[in-house]
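Q: Quick one, what's the 3D model for this:
(one chain, ligands or ions: 1)
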Amino acid sequence: MIEISRPFPLELFQKLKELVLVMALIWATLVVIFIVYAFYELLNNIQNRTRHPPGPKGFPIIGHLHLLGKNPHQDFLKLAKTHGPLMYVRLGLVPTIVVSSADTAEKFLKTYDHIFASRPYNEAAQYLAYGQKNLITAKYGPYWRNMRKLCTQHLLSNQKINSFQSMRRQQVELMIKSLKNEACDHRVVADLSAKISSLSADMTCLMVFGKKYMDEDLDKRGFKAVVNDVEHLAATPNLGDFFPFLGVIDLQGLTRQLKDLSKMFDEFLEKIIDEHVQSRDQKQSKDFVDTMLDIMQSGEAEFQFDRRHIKAILFDMLIAAMGTSATAIEWILTELLRHPHVMKKLQKELEQVVGLERMVKESDLEKLNYLDMVVKEGLRLHAVAPLIPHEAMEDCVVNSFHIQKGARILINFYAVQRDPDIWPEPEKFLPERFVGSSIDIRGRDFQLLPFGSGRRSCPGMQLGIIIVQLIVAQLVHCFDWELPNGMQPCDLDVEENFGLATSRENPLMAIPTYRLNNA
Ligand code: HEM
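A: Got it, this is the predicted structure:
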């Protein structure tokens, strides 16, 4: 009796009220998702009266997202074996076309390049790249065209690249010296992945900012750790990219992390620009920040060009240059360690052309034909950036199939470069396949596209090729390499870790022995 007469506790009432509210919110969200989905399917059905390419069966709402794992380029290659080189999948709500052969890639990157040269909406670039104001993720149009012209004419021209030649030589020499001192003298196992990525970061910072950034410079975690975080976050699949209406809810918490990181990065870039403004008159050689400040002041850009644009381009240059070159070098060295006879043959060529009395110079590179084949084969077997997305700006018909406006286009360079109809024994590392072949890596031959092709191809290609050739040649020329713990070459793993640059899953470890006569 006493229990019954007690008043209903206020706290319990509040809790009940909250619970009802949460339930109502969940139901409302589910209803909205259902309505959006039903509407989307209706639209899709209307559009699909025209034929889209074949593809696997998908699920409602998620489409084919469940078919993709940690390495989507490998999953797409497997699917293409069943469904063909022009395949339709739906990633969440986004219709996606996956291209897996050279002749189909040519249709998208040459014949209809003017239709497929845009980039899709990207949640990460909204925060990290000032609302897609950078070059890599900018939508196709006058803004992208002008930015690209500025970058190719002022930052990535042959003249500008050559102006950093002595800086590259010094940095490579420093790495060789440190490897020789730390590892060689004591037969210590070297973490080659870490050495290469550190060298690439230093060279990029010197070219872009005019100085190296040490670990304490950006945040207590360190410059390289923060850049790694940026790369990681930018490559993490974001539900907001596949279900645009989920972007605001930020179910994965990625947007919050992106905002924090972009704030920190922005402060860092602002500090660098301020330093450059203060020290401009005393400088003889110009890094990228100086060049961009000149452009800003001259007013030569054909659009409003302010600090935000400088920061977006600096962001691009860091992200595009650091990881890609280091990853390419890491993979080529992996294959050389797995194929000691190729390593020996390359060392022989280096002995003939350079001799054992000095290190390799950039001017030697054009005489090193076998090196060229080794680099081409490494880039073929390990596509560094296998799935950079494009977007259709208009409806288009390719190979009699309908590609709808807004569709995402993924040219799977990994699949194209492993196509058995073009490349005999595609899984094998065989530099000799390029003997007597005129196949080039600069985007002219669609079976080998490490730098893409067409309007959105890599503007840093020339620089990338020099860096990769120089560092591979130097490491092979200066040292003999041995795998640790008696590991056999065939036991060295080739597991991949998909990202902005698809690198090795595990660091590459090896023991160097110095082999030049000037020890
Ligand atoms: C081995 C090194 C490199 C590789 C394998 C590589 C590969 C690529 C690929 C595959 C693309 C996309 C092509 C497409 O969308 O179809 C790309 C775009 C790009 N790369 Fe590179 N890259 C390398 C080095 C560099 C360097 C050193 C820079 C600059 C310093 C750079 C700057 C860029 C930029 C800005 C874009 C975007 C271009 C645009 O969307 O208009 N890359 N790269």
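
Q: Return the residues in contact with the closest residue to Gly84 other than its chain neighbours.
A: In space, and not counting its chain neighbours, Gly84 is closest to Pro54: 5.9 Å by Cβ to Cβ, 6 or more residues apart in numbering. C-beta coordinates here come from the backbone N, C-alpha and C atoms, glycine included. Shown in contact with Pro54 (Cβ atoms under 8 Å, 6 or more residues apart in numbering): His83, Gly84, Leu86, Met87, Tyr88.

Q: I'd like the distance between the third one and the ligand.
A: Read that as Leu86. Counting by Cβ to the nearest ligand atom, to the nearest Å, the gap from Leu86 to the ligand is 17 Å.

Q: who's that residue bridged to?
A: Beta-bridge partners for Leu86, by DSSP bridges, are Val99.

Q: isn't it right next to Val397, touching?
A: No: using Cβ atoms under 8 Å, Leu86 is not in contact with Val397, being 11.4 Å away.

Q: Just want to know which of these two has more residues nearby.
A: Leu86 (25 against 11; other Cβ atoms under 10 Å).

Q: What distance do you get for the more buried one to Ala415?
A: As judged by Cβ to Cβ, to the nearest Å, Leu86 and Ala415 stand 12 Å apart.

Q: Need the residues touching each of the two.
A: Both Leu86 and Ala415 are contacted by Ser100, Ser101, under the criterion Cβ under 8 Å, 6+ apart.

Q: Next up, the contacts around the residue nearest to Gly443 when sequence neighbours are not counted.
A: Closest residue to Gly443 apart from its sequence neighbours, by Cβ to Cβ, 6+ apart: Ser453 at 3.5 Å. Ser453 makes contacts with Ala105, Leu109, Lys110, Gly443, Arg444, Phe446, as judged by Cβ under 8 Å, 6+ apart.

Q: Tally up the residues packed near the fourth one, please.
A: Read it as Gly443. 18.

Q: cool, and Ser100?
A: Using other Cβ under 10 Å, Ser100 has 26 neighbouring residues.

Q: Indicate the residue of this protein located nearest to the ligand.
A: For the chain and the ligand, the shortest gap (Cβ to the nearest ligand atom) falls at Gly460, measuring 2.1 Å.

Q: Do you know the pLDDT at that residue?
A: If you check Gly460, the pLDDT there is 95.

Q: that older thread, what's the farthest-apart pair in the contacts of Ser453?
A: Farthest pair in the contacts of Ser453 (Cβ to Cβ) is Ala105 and Arg444. Separation: 12.4 Å.

Q: The two - which one has more neighbours?
A: Between Ala105 and Arg444, Ala105 has the larger neighbour count (other Cβ under 10 Å), namely 25 against 12.

Q: any idea of the mean pLDDT for the one helix or strand the more buried one maps to?
A: For Ala105, the host element (DSSP states H and E) is helix 102-106. Average pLDDT, helix 102-106: 97.

Q: quick one: secondary structure of His402?
A: strand (DSSP: H, G, I helix; E, B strand; the rest coil).

Q: Count the residues that sit near it.
A: When neighbours are defined as other Cβ under 10 Å, His402 has 17 of them.
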